[in-house]
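> Let's see this in three dimensions:
(chains A and B)
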Amino acid sequence: MENITIIDRIRDFIKHFGWPRIIIGLFLLTLFVMAPFVGVNINTSLSDTLNRFGMNCVMVLAMVPMIHSGCGLNFGLPLGIIAGLLGGTLAIEFNFIGPTSFLMAMIFATPFAVIFGWGYGKLLNKVKGGEMMIATYVGFSSVAFMCMMWLLLPYSNPTMVWGYTGRGLRTTISTEGYYLHVLNDFLAIRIGEHFVFPTGMFLLFALLAFVIWAFLHSKKGTAMTAVGSNPVFARACGIDIDKTRILSVILSTWLGAIGILVYQQSFGFIQLYMGPFFMALPAVSAILIGGASVNKASITNVIVGTFLFQGILTMTPSVMNSVIQTDMSEVIRIVVSNGMILYALTRKTEATR
Amino acid sequence: MKDKKIPLLEMKNISKDFSGNQVLNDINFSIQKGEILGLVGENGAGKSTLMKILFGMDEIRTTGGYGGQVIIKGEVVNFNSSLDALEKGIGMVHQEFSLLPDFSAAENIVLNREPLKPSIMSELFGDRMNSLNRDEIDAIAKTSIEKLGISLDTSMKVSSMPVGHKQFTEIARELSKDAKGETNPIELLVLDEPTAVLSEKEADSLLIAMRKLAKQGIAMIFISHRLNEIIDVCDTMMVMRDGLIIKHIPIEGVNVQDIARWMVGRNVSNSSKPREFDYTDKPTILDIQKLWVDMPGETVKNVSLEVKKGEILGIGGMAGQGKLGIPNGVMGLYQSGGKVVFDGKELLLNNPRSLLDAGLAFVSEDRRGVGLLLDESLEWNVAFTAMQVQDKYLKKYLKGFMTWRDSKAIEEVTQKYIDQLEIKCTSSKQKAKELSGGNQQKICLAKAFALEPKLLFVSEPTRGIDIGAKALVLESLRKYNRELGTTIVIISSELEELRAICDRIAIVTDGKIEGILEASKPSEDFGLLMIGQKVEEAI
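Here you go, the predicted model:
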C-alpha cells in the first residue's frame, strides 16, 4: 500500500508540474553535475545562475497581470522598460547617488509607467483578440521612437551624454557611482571565494511577488482573473472590463519599469537605444517554460520558469565551451536562448481556450 | 421466435470506466435484423459512451479501452474507427449535421465516394483527373432517398433546405454507403436524437421513414428524449441509468410515465399542482415600458410589461420572436432603450452593474458563454458575482482599503448550494467545464441565488438538460420563490414547463407582447397567441 501511494504521489507531482519542466530541470541538473568534470567552477556557476535569476525575474513577473486580465503575453514589455530607462536616467541627471538614486529611479519611472500603460491599455482595448500582435509592435515602435528621443531630450549630466557634442545620451551608461549593485550588495551573503547570494535583489522580488499575489486575492484581482477567464461573464457581473484591463496593463508596465532597474543595478549599465528591443522575448519564454499559458499564470510559474530559463542560459555556454575547448560561448548562448524561445512559443497554444 | 437466430448485434458484458469512474457496468443486449430499439436515459446515463464503444471511437481507446465483447452476426469485432464500423454495415446519424451547406443534397449524399468517369484529362494525367459522373450520383441519391420513402429534391442546396430535409439527407447518406458494393450494405443504423431539431411534422415523417427502413431489414438504435416517439416507432426499448440497463422490454403496453420513472428512478409527477398565488392585489415590482433591445436574432421592438411582486411570470413564444431579448436587454447585455422602473426607481439601462445593484439577477440561456467561468472552480462561479456586486465573502483590512477573498466562506456557500441543488461534482474545487449540462445549470442558479435578488430572470433554465435535472431545477426555483418571496421571470420555449410553474404567461410575438394569460388557460389559447392571433379575453 505504502508503495502505491508514493508512486501515485510522484505521478500526481509529474502531472501537476508538467513533463517539459521536469525534462528541462533534469537537463539543468545534468549541466550542474557535469560542470566540475569539465573544469567549470560550480560555485561561480551557481552564483551566476542566482544572479541572473534575480536580474530577470521582475520582468517575468511583469507578464502576470496582463495574462490574468486576458490581454495575453506582454510582448509590449519594452514600453515598460522605457519607463524604467527614463526613471534611471532622470535619477542620474539629478545626481542622486548610491541607494537613493535607485529609489528615485523607481519613483521617477512610476508616472511614466502609469501614463504609458494607460495609453497602451487603451490601445489594447481597441484590438481585443489581437493583443499580442499589436503589443509586439507597440514595443518595437516605442523603442524606435525613443531612439530619437534619447538624442533630443535635454540631458546634461556628463556621465551620460556624448563626449564630443555634449548632448544626446550615450548607448550605454554605467551605473557605477549611482545604483550599481545597491540591491546585490544589500545583506549579501558570501560563501567562499566564488559564491555570493544577492539577498537584496531577492528581497525586492519577494516583496513585489507578494504584492501581486495579494492583489490577485483581492476583490479587484479576482475580477481581473474573471475578465481574463470569460469577459462576457465578467460583464454580466457588472465589471467594467476595459478599466480592469487597463489596470492590468498599467501594472505590467510598471513592473517592467522596475524590472529593468533591477536588471541594470546588477548588470552595471543602462542600455539605451536598441537595448530594450529584444527584452520581451526572454521574459515571455521564461514564463511559458514555467508552465503558464496565454491566459493562466501564477507566481510559481514565474519563479520556476525564470530559474530554468536563466539556469540553462548561464550553464550551457560555460559547460559546452569547456567541453569543446574553444570560445564559442556567445554563439552557444544565442543558439540556446533562441532555441528556448522557439520551444516556449510552440508551447504557447497549449492550455488556451 | 427470433431466439434461435444469431442476432445482428450483440454487446456482451460491456463495461467502461474513465480513470476509475465507472460509466458502464456489465451491459448486455442484442438487436435483431429489422428491429428498432429505443434507447433512453438521462444525460450521463452512458448512452453515448455505449455508442462510442460500438463505433470504436478514439476517445474510448485513449482512455484505456473497454471490457466485454461486441459481436456482429456471431463474430467478435473490435473497430478502430467508424470507417471500420461502416465496413461491417453500421452507420450513424449524428445530432449535429455534418453536411456541406453549399453542396446539393445528391452531392452531400455521395460525398467522398463520388462515382467517377474517365475524361480526356484523366487519360493524360491519371485517375485523379477523372470527372464526376453526375447521372450516377443522382441515381444513387435517388435510390437511397427512395428507401426512406420521402420526396426530396436531390439538386437542392443544403443551405436552402428546411432542417428536416437536412436530417433526411444525412440518413440518405448513411444508406447510400453500400451503393458501390465496396462495403456491406447498411444493416444497423444508430440515430442519435435525430428529432431534437425537427418540428413535429418533420419528426413524424422521419418516424414513418424509419418504419419503412425497418421493413427492409435495417435495424436501428434510436436515441431520443422524446418518449412519445420511442413508443410510436420502436419494437423494443432499453432504459439506461447510471451505466446500467434498467429495463429492456418490448414496447407494447409501456407508457410515457413508466419510461420517465425508470429513467430517473423516482416518480415524476406529471401533474404537479398548479400554484395558488393571487397576484392581482400585489404591487408592481418591475414596470417595463416601451422597451427595445437590439439582440441579433431576438430583437425586441416594443415591449411593455408589468411584473407583480412575488409572482412567477413566464415569457413564452416561438424562437426568434424576441422573448430572449427581454431579459438580456433589461440586464444590459445587449443595447436597449425604453424605460424600466424597478421598485419605484427608474433603472439605468445598458449598465449591468446598476441593475445588479438594484437587486436584479439573471441566469442566462447561454450557460457556457455568459453564465460560467468554465476554467475556474465551482467556488469561483458561485461566489464571484455576489463578491463583486455585494462585497460578500471578502475579508477587509485597513478600513476596507485591502480586501481578501474569504476562501472559507466561499467554500461554505458553494457546499451549501451543492447540497441544496444536488449538484453532482467531485468537490467544490472542480472546474465548471467538467460538469454535465444539468449540473452547470444548477451552478448558474446557485450563482444567482447567492446574490439573494429581489427579482430573478431565468432564461431557458431547462434547455439541453435531462428530465431529472429539469424537475430539480424547476422545483428549486419554485422553492426559492415560495420561501423568500422572490419574484421570478422565466423565459422558456417549452410552454408546458411554463404552464406547470408560472402564475401567468406572456407570449412574445414579433418583438411585442402578444398577450398575457393565466397559466391555467388551455394550451390552445397560448398557441393562438404564438401565431399572432389575439384572444379576446387576454388580460
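> So which elements touch the longest helix along chain A?
Longest helix in chain A, counting residues (DSSP state H): helix A:98-126. Here helix A:98-126 touches helix A:77-93, helix A:131-152, helix A:241-267, going by 3 or more Cβ pairs under 8 Å, 6 or more residues apart in numbering or on different chains; DSSP states H and E. C-beta coordinates here come from the backbone N, C-alpha and C atoms, glycine included.
> and the ones you listed, which is most packed in?
helix A:77-93 (a mean of 27; mean count of other Cβ atoms under 10 Å in any protein chain shown).
> Please identify the buried residues of the longest helix of chain A?
A:99, A:101-102, A:104-106, A:108-110, A:112-114, A:116-117, A:119-121, A:123-125 (16 or more other Cβ atoms under 10 Å in any protein chain shown).
> need the helix or strand of chain B with the lowest average pLDDT.
helix B:523-530 (a mean of 73; mean pLDDT, DSSP states H and E).
> Off-centre distance for it?
24 Å (Cα atoms, centre = their mean, to the nearest Å).
> With only the CA atoms kept, save that helix in CSV.
C-alpha atoms of helix B:523-530 as CSV (Å, rounded to 0.1, in the frame of the first residue of the first chain):
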residue,chain,number,x,y,z
SER,B,523,-52.7,25.4,-24.3
GLU,B,524,-54.7,26.2,-27.5
ASP,B,525,-55.1,29.8,-26.3
PHE,B,526,-51.4,30.1,-26.0
GLY,B,527,-50.9,28.5,-29.4
LEU,B,528,-53.1,31.1,-30.9
LEU,B,529,-51.2,33.9,-29.3
MET,B,530,-47.9,32.5,-30.7
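> just checking, what packs against that helix?
By 3+ Cβ pairs under 8 Å, 6+ apart, helix B:523-530 packs against helix B:495-501, strand B:504-509, strand B:512-518.
> between the ones you listed, which gets nearest to chain A?
Closest to chain A of the helices and strands packed on helix B:523-530 is strand B:504-509 (Cβ to the nearest Cβ; 21.6 Å).
> Pull the residues that contact that closest one.
B:279, B:300, B:303, B:305, B:311, B:313-318, B:321-323, B:326, B:495, B:498-499, B:513-519, B:526, B:529-532, B:539 (Cβ atoms under 8 Å, 6 or more residues apart in numbering or on different chains).
> among those, which ones are buried?
Buried among the contacts of strand B:504-509 by 16+ other Cβ under 10 Å: B:279, B:300, B:303, B:305, B:311, B:313-317, B:321-323, B:326, B:495, B:498-499, B:513-517, B:519, B:526, B:529-530.
> want to throw the helices and strands packed on helix A:98-126 into JSON lines with mean pLDDT and distance to chain B?
As requested, those are exported to JSON lines (pLDDT from 0 to 100; distance: least, Cβ to the nearest Cβ, whole Å):
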{"stretch": "helix A:77-93", "mean pLDDT": "93", "distance to chain B": "25"}
{"stretch": "helix A:131-152", "mean pLDDT": "90", "distance to chain B": "18"}
{"stretch": "helix A:241-267", "mean pLDDT": "93", "distance to chain B": "10"}
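> Could you export the ones you listed as CSV, including distance to residue B:150?
CSV is the format used below for those (distance: least, Cβ to Cβ, whole Å):
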stretch, distance to residue B:150
helix A:77-93, 63
helix A:131-152, 51
helix A:241-267, 50
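> Quick one: closest of the ones you listed to residue B:64.
helix A:131-152 (37.7 Å; Cβ to Cβ).
> Which elements pack onto that closest one?
Short answer (3+ Cβ pairs under 8 Å, 6+ apart): helix A:131-152 packs on helix A:77-93, helix A:98-126.
> What residues does the residue in the stretch 201-350 of chain B positioned nearest to chain A make contact with?
Per Cβ to the nearest Cβ, residue B:333 is where the stretch 201-350 of chain B lies closest to chain A, at 6.0 Å. Residue B:333 makes contacts with A:232, A:235, A:236, B:352, B:362, B:364, B:370, as judged by Cβ under 8 Å, 6+ apart.
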